[in-house]
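turn this into a model:
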Amino acid sequence: MTGDKEKRRAISREAARRRRRVESEVFEDLSRLLPLEPAVQAHLDKPSVIRLTLSYIRMHTVLKGETRTKAEVSQIAKYAQVMGGGDELRSCDGGHEEVEDAEASGEINLYLRILEGFLIVLSSEGDMIYLSDNVSKYMGLTQNELIGHNIFEFTHPCDHDEIRSNLRLTAEEVWSGAKRDFVVRIKSAPTYRGRSANLKSATWKVLHCQGRAKVCVVSSSVSCLLLTCQPLPLSHTLLSTHTFTSQHSMDMRFTHCDQRITLLLGYSAEELLGRSIYDLCHTLDVNHLAKNHLNLCFKSQSVSGQYRMLVSGGGYVWVETHSAVIPSVRPCKSRPGAHQPLCILCVTYVLSGVEEPSLQLSVDQMVHIQV
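Residues are numbered from 1 along each chain as shown. Presented below is the predicted three-dimensional model:
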């Protein structure tokens, strides 16, 4: 009787070993099909293989559509090149146009360096279908560690509602390629030495996300967001003859402004002191500016997007303002560990000449003419 039990246990153990061996072989075969470097493939665990495979299939669906044209094959190959491999994919597609793919990869890397940010493709549920490989520079986690995860796992809880509202796409928005422009806080793990820290001790990095809705035409249409994410403040913010700097109180009243505003908008720096920036904003853009103001107060950094600022004497110019809250050394009583805000520092870019110069849109403009 005891011998039969031992025999059954031995058979059961052998069957379990066989199942595990077959399972491991399946996962090894699956990992080899992924467009990744062999060194990366060798160190993938089973959950990572499943996660990356599902993300690759979804990205392939978004790029491919129902019929595979030459342009679409080229786009798929570009994706594989950015992922760092793609030999298997090119062999499946005939192995042609390798030179074009290499050139495309070089172009993509150049664009990413100029962008000073990274690319991300989000599903309508917030899953990160694809990220450019330079994401590690900003988050401290590699492309392969992030792909397939949900963006809500890495973003600030207070920003989740805003992210959901931007992921929520109507049919009209999807087909028209609706624009998206928002600011979020995301976990950032790199240390000052370039090494990666534990995510539990990660800090929040403010990202300015811009992009469009995309749709893949298949039997069951798949919609997604294609976004560029730039960290704030932007390191390439350069002062020129078409920019001016200003300081504001937390309610956006001018406390200081440089003299270049006189050349660009016609106001003297002295007459703006104590006035609100809302007094200079076009009425139709006040809500847009207020939204940016709220983003700034909650997230400490923001980019306004384009809005109209009134010119002294009449008309308006299109501008964009990059803002940051400057903290004081005094600790904040309501938020332990934080510091009270000292002021808001703004760099405003003037993007156009004066439009409608004979049109007065504010009493302040008319008063300035009389003076």
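
confidence score at Thr321?
pLDDT recorded at Thr321 is 90.

check His236 too.
46.

the one 3 residues further on now?
The predicted local distance difference test score for Leu239 is 58.

offset the numbering so it begins at 56, please.
With 56 as the first residue, the last one maps to Leu294.

low-confidence regions, the stretch 306-426 of the chain specifically.
Along the stretch 306-426 of the chain, segments meeting pLDDT under 70 span 383-394, 421-426.

again with the stretch 156-305 of the chain
Judged by pLDDT under 70, the stretches of the stretch 156-305 of the chain that qualify are 156-164, 167-169, 229-230, 245-257, 271-277, 288-295.

where do the helices sit along it?
For the stretch 156-305 of the chain, applying DSSP state H, counting those that start in this stretch gives helices covering 191-194, 198-201, 215-222, 226-231.

including distance to Trp259, could these go into TSV?
Heads up, the C-betas are built off the backbone N, CA and C, glycines and all. Output for the helices of the stretch 156-305 of the chain, formatted as TSV (distance: least, Cβ to Cβ, whole Å):
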stretch	distance to Trp259
helix 191-194	11
helix 198-201	16
helix 215-222	14
helix 226-231	29
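
which one of these lies closest to Thr296?
Between Thr296 and the helices of the stretch 156-305 of the chain, the shortest gap by Cβ to Cβ is with helix 191-194, which sits at 31.1 Å.

list the buried residues in the closest one.
Ser191, Tyr193, Met194 (16 or more other Cβ atoms under 10 Å).

swap in stretch 226-240?
Glu228, Val229, Arg235, Phe237, Val238, Val239, Arg240.

spit out the contact partners of the last one.
What that stands for is Arg240. Thr210, His211, Cys213, Asp214, Trp259, Lys260, Val261, Leu262, Lys354 (Cβ atoms under 8 Å, 6 or more residues apart in numbering).

which PyMOL command selects the buried ones in those residues?
Buried residues among those (16+ other Cβ under 10 Å), as a PyMOL selection:
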select buried, resi 210+211+214+260+261+262+354
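
and of the contacts of Arg240, the nearest to Ala379?
Val261 (9.0 Å).

that closest one pairs with what?
In this entry, Val261 is beta-bridged to Arg240, by DSSP bridges.

before we move on, back to that, tell me which of the helices of the stretch 156-305 of the chain sits nearest to Glu78.
That would be helix 198-201 among the helices of the stretch 156-305 of the chain, by Cβ to Cβ, at 21.3 Å.

if you count neighbours, what's buried in that closest one?
So for helix 198-201, counting by 16+ other Cβ under 10 Å, buried means Gln198, Asn199, Glu200, Leu201.

would you turn these into a markdown table with distance to Leu281?
Output for these, formatted as a markdown table (distance: Cβ to Cβ, whole Å):
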| residue | distance to Leu281 |
| --- | --- |
| Gln198 | 16 |
| Asn199 | 20 |
| Glu200 | 21 |
| Leu201 | 16 |
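
of the residues you listed, just say which sits nearest to Cys279.
Nearest to Cys279 among the buried residues of helix 198-201, with distances taken as Cβ to Cβ, is Leu201, at 15.7 Å.

so the closest one touches Asn189, yeah?
No - contact status for Leu201 versus Asn189: not in contact, 12.0 Å apart, counting by Cβ atoms under 8 Å.

count the neighbours of the closest residue to Ile206 other than its chain neighbours for me.
In this structure, Ile206 finds its nearest non-sequential neighbour in Gly181, 4.7 Å apart by Cβ to Cβ, 6 or more residues apart in numbering. By other Cβ atoms under 10 Å, 18 other residues sit near Gly181.

and for Leu349?
Residues within reach of Leu349, counting by other Cβ under 10 Å, total 11.

surely it forms part of a strand?
No - using DSSP: H, G, I helix; E, B strand; the rest coil, the assignment for Leu349 is helix, not a strand.

for Glu180, see how far away Ser231 is.
Distance of Ser231 to Glu180, given as Cβ to Cβ, to the nearest Å: 21 Å.

so what pairs up with the nearest residue in space to Val190 that is not next to it in sequence in the strands?
Nearest residue to Val190, sequence neighbours excluded (Cβ to Cβ, 6+ apart): Phe173, at 4.4 Å. Going by DSSP bridges, Phe173 is paired in beta bridges with Cys284.

may I have the residues that are in contact with Phe173?
Contacts of Phe173 by Cβ under 8 Å, 6+ apart are Leu167, Leu186, Ser187, Asn189, Val190, Lys192, Tyr193, Thr283, Cys284.

check Leu222 too.
Here Leu222 is in contact with Leu177, Ser179, Glu180, Gly181, Leu280 (Cβ under 8 Å, 6+ apart).

Leu339 versus the most centrally placed residue in the chain, what's the distance?
The centre of the chain sits closest to Cys284, judged by Cα atoms, centre = their mean, with a distance of 2.5 Å. According to Cβ to Cβ, Cys284 stands 28 Å off from Leu339.

ok, Ala94 next?
55 Å.

in contact with the closest residue in space to Leu109 that isn't next to it in sequence, which residues?
Sequence neighbours aside, Gly203 is the residue nearest to Leu109 in space, at 6.2 Å (criterion: Cβ to Cβ, 6+ apart). Counting by Cβ under 8 Å, 6+ apart, Gly203 touches Arg106, Leu107, Leu109, Ser110, Asp182, Met183.
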